[in-house]
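Participant: Here is my input, please return the structure:
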Amino acid sequence: MEMVKTKPKIRFLKEMENVLYDQRWAKTAQNFELYYVWRGIKEKNSLRYDITSIPSRMLGREFVKTKGHEHSNKYGEIYFILKGEVIFLMQKCKGNVVKDVYVVKAKRGDFIVVSPNFGHLAINSSNSELKMANWINKKCKNDYRLFEKKQGACYYYTKSGWIKNKNYKKIPKLRWKKPLKKMPKNLDFLK
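Facilitator: Residues are numbered from 1 along each chain as shown. Prediction:
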């Protein structure tokens, strides 16, 4: 396994304005650092290992989150929670229609599998830093277009709980899945 020194990609608030629930707050908020992604820390065969750190904070009425994306070339991904707690929102769309949506809440030591064809984002709703690692195919490209076009995922997680995003026509009822306690043995979905 090859170790690579890398600087973090820093995601700033102004890059996220078009995916936030609280647009009034976003228009007047100062630009600041939201989260950090170290890509390609390790590489093994066709896979890349990344780490993401998301400090605890609010984005107006919404909890801090990643921008959200789909994988344009339909690869899966696996996350391992290193520190803190996370809520992953997963949504499967066909065109502009949401066919499935679910949430996985995980804590340190848990694994989360992102199946191919599911858009996803991570939310830090806790009072402490979230740190998570992921394995993904090096050929995988993140596609942010749907999330940018629709002003985020089909649900927002706010101080008031889950709120449907009105920019989606029809949204299925939110369901919950449990995280995995062990790394899956078969990782073919990453290739």
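Participant: Give the bridge partners for the residue nearest the centre of the chain, please.
Facilitator: By C-alpha atoms, centre = their mean, the chain has its centre lying nearest to L121, at 2.2 Å. Taking DSSP bridges as the rule, L121 bridges to L89.
Participant: ok, now how distant is it from N18?
Facilitator: Distance, L121 to N18, by C-beta to C-beta, to the nearest Å: 14 Å. C-beta: built from backbone N, CA, C; applies to glycine.
Participant: Could you do K191 as well?
Facilitator: Computed as C-beta to C-beta, the K191 to N18 distance reads 33 Å.
Participant: So these two - more neighbours on which side?
Facilitator: Taking neighbours as other C-beta atoms under 10 Å, K191 and N18 compare with N18 leading, 16 against 11.
Participant: helix, strand or coil for that one?
Facilitator: Secondary structure, DSSP: H, G, I helix; E, B strand; the rest coil: N18 is helix.
Participant: Leaving out the residues flanking it, which one is nearest to it?
Facilitator: Distances taken as C-beta to C-beta, 6 or more residues apart in numbering put E148 closest to N18, at 5.3 Å, once the chain neighbours are dropped.
Participant: and that neighbour, helix, strand or coil?
Facilitator: helix.
Participant: is it true that it touches L20?
Facilitator: No - using C-beta atoms under 8 Å, E148 is not in contact with L20; the gap is 11.2 Å.
Participant: More neighbours: the two, which one.
Facilitator: Taking other C-beta under 10 Å, E148 and L20 do not tie; L20 has more neighbours (22 against 15).
Participant: Do me a favour and get the backbone dihedrals for the more buried one.
Facilitator: Phi and psi for L20, reported as degrees, to the nearest 10, are phi -90, psi 150.
Participant: Give the residue spans of the protein that score low on pLDDT.
Facilitator: Counting by pLDDT under 70, the ranges of the chain that qualify are 1-5.
Participant: and if we set it to 50?
Facilitator: For the chain, the stretches with pLDDT under 50 are 1-2.
Participant: could you pull out the helices for this structure?
Facilitator: In the chain, the segments counted as helices under DSSP state H are 23-28, 145-149.
Participant: Switch those over to CSV; also include distance to Y155.
Facilitator: Below are these laid out as CSV (distance: least, C-beta to C-beta, whole Å):
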stretch, distance to Y155
helix 23-28, 16
helix 145-149, 12
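Participant: Identify, out of these, the most deeply packed stretch.
Facilitator: Mean neighbour count, computed with mean count of other C-beta atoms under 10 Å, is highest for helix 145-149 among those, reaching a mean of 16.
Participant: Need the residues that contact it.
Facilitator: N18, V19, K67, G68, H69, E70, C93, N96, G119, L121, A153, N167 (C-beta atoms under 8 Å, 6 or more residues apart in numbering).
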